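Participant: what's the 3D shape of this:
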Amino acid sequence: MSILTDEDEQFLNASGFDWKLLFENDSKQGLLVKQFQIPSGYQPATVDLMILIPKNYPVAGIDMFYFSPAILRDDDKNIGFLEIECHFDRRWQRWSRHYEWYAGCCSVATHIKFVGNQLEFELE
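Facilitator: The predicted structure follows:
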């Protein structure tokens with residue numbers, strides 16, 4: 001049984017993402033998108049993107065996002081609201097970014113679009 005909706009899986013596959021689900025004990029589950037493209041203005045150009053998926057998703061909202069390896073701005077300016085955390089036996093750079101979740105409207109697709117928007121916004 002997948003922790004994602006059929007629509008989520010269709011979006012991930014149609015977008016050409018190399019993805020897989022992650023599980024740690026019975027308490028943590030996530031989505032890994034391998035070699036996620038980071039916009040110009042950051043280094044490195046591709047990283048792994050991880051999203052923690054709450055147990056009662058999609059009613060419960062997805063929050064924040066994680067990169068490994070950590071990314072840096074090309075201009076060496078500081079990126080705010082970052083932490084380093086360990087999930088699924090790996091170190092991740094957590095971007096603490098939030099928005100209001102609307103069950104039935106928000107999804108993995110909207111969250112990944114949010115990730116891209118936040119990366120662009122950070123450079124403005």
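Participant: can you tell me the helix or strand for residue 94?
Facilitator: strand 90-95 (DSSP states H and E).
Participant: same check, this time on residue 86
Facilitator: strand 82-87.
Participant: what do you get for residue 111?
Facilitator: Going by DSSP H and E, residue 111 is part of helix 108-123.
Participant: list the helices and strands that helix packs on?
Facilitator: With contacts taken as 3 or more C-beta pairs under 8 Å, 6 or more residues apart in numbering; DSSP states H and E, helix 108-123 sits against helix 6-14, strand 46-52, strand 65-68. Where you see a C-beta, it was placed from the backbone N, CA and C, and this is true even at glycine.
Participant: any chance of CSV for those, columns mean neighbour count, distance to residue 59 and mean pLDDT?
Facilitator: Shown next, in CSV, are the helices and strands packed on helix 108-123 (neighbours: other C-beta atoms under 10 Å; distance: least, C-beta to C-beta, whole Å; pLDDT from 0 to 100):
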stretch, mean neighbour count, distance to residue 59, mean pLDDT
helix 6-14, 14, 14, 97
strand 46-52, 19, 15, 98
strand 65-68, 22, 20, 98
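Participant: okay, the ones you listed in CSV with distance to residue 82 next?
Facilitator: What follows is these, written out as CSV (distance: least, C-beta to C-beta, whole Å):
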stretch, distance to residue 82
helix 6-14, 25
strand 46-52, 13
strand 65-68, 9
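Participant: between these, which gets nearest to residue 102?
Facilitator: Closest approach to residue 102 among these (C-beta to C-beta): helix 6-14, 14.7 Å.
Participant: dump the closest one to PDB, restricted to CA.
Facilitator: Extracted in PDB, the C-alpha atoms of helix 6-14 (Å, rounded to 0.1, in the frame of the first residue of the first chain):
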ATOM      1  CA  ASP A   6      -2.700   7.700  -7.100                       C
ATOM      2  CA  GLU A   7      -2.600  11.400  -8.400                       C
ATOM      3  CA  ASP A   8       0.700  11.900  -6.500                       C
ATOM      4  CA  GLU A   9       2.200   8.900  -8.200                       C
ATOM      5  CA  GLN A  10       0.900   9.900 -11.600                       C
ATOM      6  CA  PHE A  11       2.400  13.400 -11.100                       C
ATOM      7  CA  LEU A  12       5.800  12.100 -10.000                       C
ATOM      8  CA  ASN A  13       6.000   9.600 -12.900                       C
ATOM      9  CA  ALA A  14       4.700  12.100 -15.500                       C
END
